[in-house]
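In: have a look at this fold, sequence not included:
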């Protein structure tokens, strides 16, 4: 039986100590026992989000928290800006339009980031913008955005800055409070090392004030209700009890290492991945590469879908291909959460074999030598 391992940008691997916690006997959620767990989880989330403000937990994928950010902070016909440089910037655009917001879309070439100047110009030309929606790591292009620079602009214009950090949180640097980011959303199945099913949303005081002004419909994703329950270490509706128990274990491990140390570790793993790819003649797609996932251009004669299929079917290794305009042009290799340096070594060993079998020309072992040089040199 071949080993199965995930190097996709979500879901990412779940460590054994988290899996064991998920199998514990279920407890009732309206008890002191569970509320004590929620209290620990709330404190742990704040450390990862780098905030002193509430971080709410929703029973949904990350998209649920994205929708909650739109429906709770804005009103019909409010003017907002969406930064669209890939599939998840596109998602912000679609959610905002579905709630009848007036959307100004800043479209980027895939693989590029938004400059501070372009955002400032857009806000100057469009008076009355209430919010800016962007991503930390645009997963479809493996591109990290300069959220710190965007926050400098939005603070000057009094617009809320809402960041999709579903993929990037825990690997790509994000200092929520000190940078002045108003809302950060994330999900359980990536840097938090859990199965899918939980989403998170942090809310600055400015964002909390905006909630009281919103006239958009919401029921399950009502953040005002969630904030009231949060103060009592409770939830307005039935939470995903076992996932919250697993989250407590994951947060204890993450915070015992320290978020700064984890940022540095994943920065090195990302650099090693990029250098390994270059060592066998492959180009990096993004001009602003992320520490969470790397997008690599494949040789013109080879379709990335072939590589992905062979690795998964024959060797049990799951990586991701390209989406939309990048379909069959790139592969995406994650380095997030529980993914280790040894996983990267195994990944490139198999990637070299598949590329050779498909006719690519390079020196066998070149990527592994460069990978280990960066990781351990």
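Out: Okay, I see it. Fair warning: this is a prediction, and the values are worked out from it, not measured in the lab. Numbers count the residues shown, from 1 in each chain.

In: and the strands in the stretch 101-250 of the chain?
Out: Taking DSSP state E, counting those that start in this stretch as the test, the strands found in the stretch 101-250 of the chain are 102-107, 129-135, 137-138, 143-144, 160-164, 183-187, 199-203.

In: ranking those strands by burial, who's on top?
Out: strand 137-138 (a mean of 32; mean count of other C-beta atoms under 10 Å). The C-beta positions use only the backbone N, C-alpha and C, and glycine is treated the same way.

In: name the helices or strands packed onto it?
Out: If you count contacts as 3 or more C-beta pairs under 8 Å, 6 or more residues apart in numbering; DSSP states H and E, strand 137-138 packs onto helix 87-98, strand 143-144.

In: need those in a markdown table with mean pLDDT, can you?
Out: A markdown table is the format used below for the helices and strands packed on strand 137-138 (pLDDT from 0 to 100):
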| stretch | mean pLDDT |
| --- | --- |
| helix 87-98 | 97 |
| strand 143-144 | 98 |
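
In: out of the ones you listed, which one sits most buried?
Out: On a mean-neighbour basis (criterion: mean count of other C-beta under 10 Å), the most buried of the helices and strands packed on strand 137-138 is strand 143-144, at a mean of 26.

In: adding distance to residue 57, write the strands of the stretch 101-250 of the chain out as JSON lines.
Out: Formatted as JSON lines, the strands of the stretch 101-250 of the chain follow (distance: least, C-beta to C-beta, whole Å):
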{"stretch": "strand 102-107", "distance to residue 57": "28"}
{"stretch": "strand 129-135", "distance to residue 57": "21"}
{"stretch": "strand 137-138", "distance to residue 57": "21"}
{"stretch": "strand 143-144", "distance to residue 57": "25"}
{"stretch": "strand 160-164", "distance to residue 57": "17"}
{"stretch": "strand 183-187", "distance to residue 57": "10"}
{"stretch": "strand 199-203", "distance to residue 57": "6"}
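
In: out of the ones you listed, which comes closest to residue 338?
Out: Taking C-beta to C-beta, strand 183-187 is the member of the strands of the stretch 101-250 of the chain nearest to residue 338, at 15.0 Å.

In: shaky segments in the chain?
Out: 1-2 (pLDDT under 70).

In: in a markdown table, list the helices and strands packed on strand 137-138 along with distance to residue 229.
Out: Output for these, formatted as a markdown table (distance: least, C-beta to C-beta, whole Å):
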| stretch | distance to residue 229 |
| --- | --- |
| helix 87-98 | 24 |
| strand 143-144 | 33 |
